[in-house]
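Novice: Okay, predicted coordinates and the sequence, questions at the end:
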Amino acid sequence: MATEIKCPNCGHQFEPSDAIREEVEKELRSKAADWQKKKNDEFLLKLEEEKKKIQSSLEENLRKNIAADFENKLKMLEQNNKDNEEKLKLARQQQLEFLKKEQELINKEAELELSVQKKIQEEREKLSVEIRKLEEQRNAAKETEFQLRLKEMEEKLEAQKKLAEEMKRKAEQGSMQSQGEVQELLLEEMLRTAFPFDVITEVGKGVRGADCIQTVRNGFGQECGKIIFESKRTKDFANDWIEKLKADMRNQGADVAVIVTQALPKDMSSFGEKDGVWICSFSEAKAVVHMLRDGIIKISTALKTQDNKGDKMHMLYDYLTSSEFAEQWKAIREGFLSMKLSIQRERDAMEKLWKQREKQLEKVLLNAAHVRGSIEGIAGMEAIDLNLLESGSADEE
């Protein structure tokens, strides 16, 4: 069916020819193309506007999300910072308490050491008291023995006095032998009178050379040494007397030998010592014996002092090696070791806790550094101070 075209002016309808049809179609195609281009341009413009709107909206949303995320992370960091500050505060408090406990333990150790020293001092004082008691008991026993011997000596002295009186009567008869025996008796009587604490013993007639022995004793009745005497009443001094008396001194266990003689050696004008033997006259005998006796007592006292030290050392050694001292020291040592072990355990526990907290702090600082790097990489906000260990001013510097 042919297409008719109506004239817009007169309303006449006619059927277009091919040329007109082509022209109309060309015009229509041109208009359609223009319309299509216009529509396309409008669409592209709208599309560009929509794209811009979408991009702007996306940027706004992204900006809001980043800000919200940043605020959340910042709040979390602030909360973590507060938690870490609380933990650090708690750690410092616990460390302070530990230091106080450690100081208290050190003070307790010092007090324990002081108490141990006091205990040892008390034990030493007890030991000294016991030793003094033993010495007093020994001295009391020796004093009793001394009194008994003193009584015996008084009885002997009385008997000797009677004997001396009898010998004096014999001496008056003018016998030379009697005169020698009288000097011997007078010497013994002089020794007993001058030294009543000593024991004067007459040497038997079978011993050649010696007449008597004086056993020297101190004020406590303790034997200190011996002096052996030989009495001579002749006109001439014989040198062989010295060797004979020295032999008697060795046999009798005496410490000093004395010859009391009327005639002195030619090379001596008064008393003195010759070849290990003291020589004096009867008038000088008392002074010489005083001198020799004093020396014997001093030497004996020095030796006995050393002996007493040895006894005390033995007693102290016996106590220190006894089971009583071992058990007491064992108890003290066990208490000391227990306290020391407790201190070491507490120290190890605190060091372990510090190590754990140090690792936790390192982990927090590492995560904070990661968060700071992420925020600065996204937002470029270098002005925000996220340091946990440094202030803002220090960071700017």
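Specialist: Arrived safely.

Novice: which residues of the stretch 251-397 of the chain fall in strands?
Specialist: With strands called from DSSP state E, counting those that start in this stretch, the stretch 251-397 of the chain shows them at 256-261, 272-274, 277-280.

Novice: for those, which one sits closest to residue 195?
Specialist: strand 256-261 (13.3 Å; Cβ to Cβ). (Glycine included, C-beta is placed from N, CA and C.)

Novice: now the closest one, how far from the chain's geometric center?
Specialist: The chain centre lies 62 Å from the centre of strand 256-261; the measure is Cα atoms, centre = their mean, to the nearest Å.

Novice: Tell me which other helices or strands it touches.
Specialist: Helices and strands touching strand 256-261, as assessed by 3 or more Cβ pairs under 8 Å, 6 or more residues apart in numbering; DSSP states H and E, comprise strand 223-232, helix 240-252, strand 277-280, helix 282-320.

Novice: Now mean pLDDT and distance to residue 115 too, for the ones you listed, in CSV please.
Specialist: Rendered in CSV, the data for those read as follows (pLDDT from 0 to 100; distance: least, Cβ to Cβ, whole Å):
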stretch, mean pLDDT, distance to residue 115
strand 223-232, 90, 46
helix 240-252, 88, 59
strand 277-280, 90, 61
helix 282-320, 78, 19
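
Novice: circling back to that earlier point, out of the strands of the stretch 251-397 of the chain, which is the most enclosed?
Specialist: Of all the strands of the stretch 251-397 of the chain, strand 256-261 carries the top mean neighbour count, a mean of 24, counting by mean count of other Cβ atoms under 10 Å.

Novice: Next, the angle helix 240-252 makes with that one.
Specialist: Comparing the axes of strand 256-261 and helix 240-252 via axes from the mean of the first three to the mean of the last three Cα atoms, to 10 degrees yields an angle of 140 degrees.

Novice: Turn the helices and strands packed on strand 256-261 into JSON lines, columns for distance to residue 359.
Specialist: As requested, the helices and strands packed on strand 256-261 are exported to JSON lines (distance: least, Cβ to Cβ, whole Å):
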{"stretch": "strand 223-232", "distance to residue 359": "83"}
{"stretch": "helix 240-252", "distance to residue 359": "92"}
{"stretch": "strand 277-280", "distance to residue 359": "95"}
{"stretch": "helix 282-320", "distance to residue 359": "53"}
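
Novice: which SSE is residue 221 in?
Specialist: Taking DSSP states H and E as the criterion, residue 221 maps to no regular element, lying outside all helices and strands.

Novice: Skipping its backbone neighbours, what lies nearest it in space?
Specialist: For residue 221, ignoring the flanking residues on the chain, the nearest one in space by Cβ to Cβ, 6 or more residues apart in numbering is residue 146 at 2.9 Å.

Novice: List the contacts of the nearest residue to residue 236 once chain neighbours are set aside.
Specialist: For residue 236, the nearest residue in space outside its immediate sequence neighbours is residue 263; the separation is 5.5 Å by Cβ to Cβ, 6+ apart. By Cβ atoms under 8 Å, 6 or more residues apart in numbering, residue 263 lies in contact with 232, 234-237.

Novice: and residue 229, bridged to which residues?
Specialist: On DSSP bridges, the residues paired with residue 229 through beta bridges are residue 212, residue 258.

Novice: Do I have it right that it meets residue 210?
Specialist: Yes: with contact defined as Cβ atoms under 8 Å, residue 229 reaches residue 210; the gap is 7.0 Å.

Novice: Neighbour count: those two, which is higher?
Specialist: Set side by side, residue 229 and residue 210 show more neighbours around residue 229, with 25 against 22, by other Cβ atoms under 10 Å.

Novice: residues touching the more buried one, list them.
Specialist: Contacts for residue 229 (Cβ under 8 Å, 6+ apart) come out as 187, 191, 210-214, 258-260.

Novice: Could you single out the nearest of these to residue 26?
Specialist: Using Cβ to Cβ, residue 214 is the member of the contacts of residue 229 that sits closest to residue 26, with 179.0 Å.

Novice: how about the closest one, what does it touch?
Specialist: With the criterion set at Cβ under 8 Å, 6+ apart, residue 214 makes contact with 191, 195, 198-201, 226-229, 289, 293.

Novice: hmm, try it at 6 Å
Specialist: The contact partners of residue 214, taken as Cβ atoms under 6 Å, 6 or more residues apart in numbering, are 191, 198, 200, 227.

Novice: ok, which pair from those residues is furthest apart?
Specialist: Checking the contacts of residue 214 with Cβ to Cβ, the most distant pair is 200 and 227, at 9.8 Å.

Novice: Please parse the chain into its domains.
Specialist: As recorded under automatic domain parsing, the domains making up the chain are 14-76, 198-321.

Novice: residue closest to the middle of the protein?
Specialist: With the centre of the chain defined as its mean C-alpha position, the nearest residue by Cα atoms, centre = their mean is residue 113, 7.9 Å away.

Novice: how far is the helix or strand where that residue lies from where the chain is centred?
Specialist: Using DSSP H and E, residue 113 sits within helix 18-171. On the basis of Cα atoms, centre = their mean, helix 18-171 is displaced by 26 Å from the centre of the chain it belongs to.
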